[in-house]
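J.: Predicted model and sequence below, questions to follow.
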Amino acid sequence: MLKRRTLLFFALCLPVSCLSQSDNSVSKTIEITGKVRNPGKYELRDQMRIADAVDIAGGFLDFANTRKIMLIRGTERRNFNYRDWVQGKRSEENILLERGDVIVVP
């Protein structure tokens, strides 16, 4: 339970201190954290969406909550239900990523 709380705290506090648009190294990257095989920063590619970022990060680890993926963009939070998306539902949630986006997979 402590790990989940720590991850949530991290997700809520990260954008203000780490995602400065003036930082050139961050401006062309996205970050994916949590229960993926290879969490980290990745180059933002043209037409990259949330599901693409999960693929690039090696997919989900066991026990990842694929229904409650969070996209953090500045102070904005958006949910992405990967399981529904795979079933052809809620395709509008799989949005295009922008520089500095952070994806959290609980």
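T.: That came through, no problem.

J.: Now do the strands in this protein.
T.: Using DSSP state E, the strands assigned to the chain run over residues 29-34, 40-43, 69-73, 76-80, 102-105.

J.: Tell me which of those sits most buried.
T.: Of all the strands of the chain, strand 102-105 carries the top mean neighbour count, a mean of 24, counting by mean count of other Cβ atoms under 10 Å. To be clear about C-beta, it is placed using only N, CA and C from the backbone, and glycine gets the same treatment.

J.: in the chain, which helix or strand is least confident?
T.: Scoring the helices and strands of the chain by mean pLDDT, DSSP states H and E places helix 24-27 at the bottom, with a mean of 50.

J.: Report the residue spans of this structure with pLDDT below the cut-off.
T.: Scanning the chain for pLDDT under 70 picks out the ranges 1-27.

J.: 90 - rerun?
T.: 1-27, 90 (pLDDT under 90).

J.: how about the helices in it?
T.: Here the chain has its helices, by DSSP state H, at 2-18, 24-27, 50-56, 82-86.

J.: Can you give me the neighbour number for residue 47?
T.: Applying other Cβ atoms under 10 Å, we find 7 residues neighbouring residue 47.

J.: any idea how far residue 65 is from it?
T.: With distances taken as Cβ to Cβ, to the nearest Å, residue 47 is found 26 Å from residue 65.

J.: sorry, back to before: pipe the strands of the chain into TSV and attach distance to residue 58 per row.
T.: Output for the strands of the chain, formatted as TSV (distance: least, Cβ to Cβ, whole Å):
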stretch	distance to residue 58
strand 29-34	10
strand 40-43	10
strand 69-73	15
strand 76-80	17
strand 102-105	11
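
J.: Of all the ones you listed, which one is nearest residue 94?
T.: Nearest of the strands of the chain to residue 94, taken as Cβ to Cβ: strand 76-80 at 6.5 Å.

J.: tell me what the closest one is packed against?
T.: Under the contact criterion of 3 or more Cβ pairs under 8 Å, 6 or more residues apart in numbering; DSSP states H and E, strand 76-80 touches strand 69-73.

J.: With respect to residue 60, which of the strands of the chain lies nearest?
T.: strand 102-105 (6.6 Å).

J.: chain center to the closest one, what's the gap?
T.: Taking Cα atoms, centre = their mean, to the nearest Å, one finds strand 102-105 lying 3 Å from the centre of the chain it belongs to.
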